[in-house]
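Trainee: Fold the following and give me the result.
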Amino acid sequence: MFSEQKSNGKNNESIENQRYYVFLFFFQKKRKQFLHREVTEEYKKEVVKVTDMLLELVSEGLGLEAKALKSCVGGDEIELEMKINMYPPCPQPELALAVEPHTDMSALTLLVPNDVPGHQVWKDNNSVIVDYLTNALFVHVGDQIEVLSNGKYKSVLHRTTVNKERTRMSWAVFCAPPHDAMISPLPELVDEQNPSKYSTKTFADFRYCKFNKLPQ
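Mentor: Numbering: from 1, shown residues only. The predicted structure is shown next:
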């Protein structure tokens, strides 16, 4: 024998509303993920263009062919890694350091900050606050360009501090060689007056030494 169960109209309506909101939330979340992926892909294309231009300019500044440095850091196989940093307000910023002084192990780093100050670079053994510029990229020469140029270009020593009242954010893209790329000073930049200052190693080995604070 089957028993008949009477449904409550209000309960059914509540359930349907819950289903609608769950569906709407799921749809909006997926839509945002899709849009984020689209924007990131488009941003990547533009970053590649800027990176190619910068590598050409740096190559020419060294007296080399325009494509010299790009071919050394992987050519079209160059790897891009985006890192999004967020530094919340700190009531005692003088006692905190968001990121300690360091150089980037990339070839180049392209940085987009928000308008909250806190980015500092070293000049003449002193830290200098970098002014925010609207619609501008900060570009750091990284460790790989220093090695390839045999020290003619220096990797930028920098750090990040926190703000007392506002959240600081930055979007960094690290442009680096593939892990199996062999990195050493370019032969055109080495002679008797300018002997090689750096050893030859793969980028993977360089990363390992830097992460573990081993001699390069």
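
Trainee: just checking, next helix/strand downstream of the helix or strand bottoming out on mean pLDDT in the chain?
Mentor: Lowest on mean pLDDT, DSSP states H and E among the helices and strands of the chain sits helix 9-61, with a mean of 71. Using DSSP states H and E, the helix or strand that follows helix 9-61 towards the C-terminus is helix 68-72.

Trainee: which other residues reach that next one?
Mentor: 52, 55-56, 58-59, 62, 78, 107, 145, 148, 177, 181, 183, 186, 188 (C-beta atoms under 8 Å, 6 or more residues apart in numbering). All C-beta atoms are positioned from the backbone trio N, CA, C, and that covers glycine.

Trainee: again, 10 Å this time
Mentor: Contact with helix 68-72 is made by 51-52, 54-62, 64-65, 76, 78, 107-108, 144-145, 147-149, 153, 175, 177, 181-184, 186, 188-189, as judged by C-beta atoms under 10 Å, 6 or more residues apart in numbering.

Trainee: what pairs with the helix or strand immediately after it in the chain, and is each one parallel or antiparallel?
Mentor: Sequence order places strand 79-87 as the next helix or strand after helix 68-72, per DSSP H and E. Sheet pairing here is set by DSSP bridges, and for strand 79-87 it gives strand 168-176 (antiparallel).

Trainee: Just the mean pLDDT for whichever helix or strand comes after the partner strand, thanks.
Mentor: Going down the chain from strand 168-176, the next helix or strand is strand 182-183, by DSSP H and E. Averaging pLDDT along strand 182-183 yields 98.

Trainee: sorry, back to before: out of the contacts of helix 68-72, which are buried?
Mentor: 51-52, 54-56, 58-59, 62, 64, 78, 107-108, 144-145, 147-149, 153, 175, 177, 181, 183, 186, 189 (16 or more other C-beta atoms under 10 Å).

Trainee: Where does pLDDT dip in this structure?
Mentor: Scanning the chain for pLDDT under 70 picks out 1-35.

Trainee: Since that was my last question, I'll sign off now.
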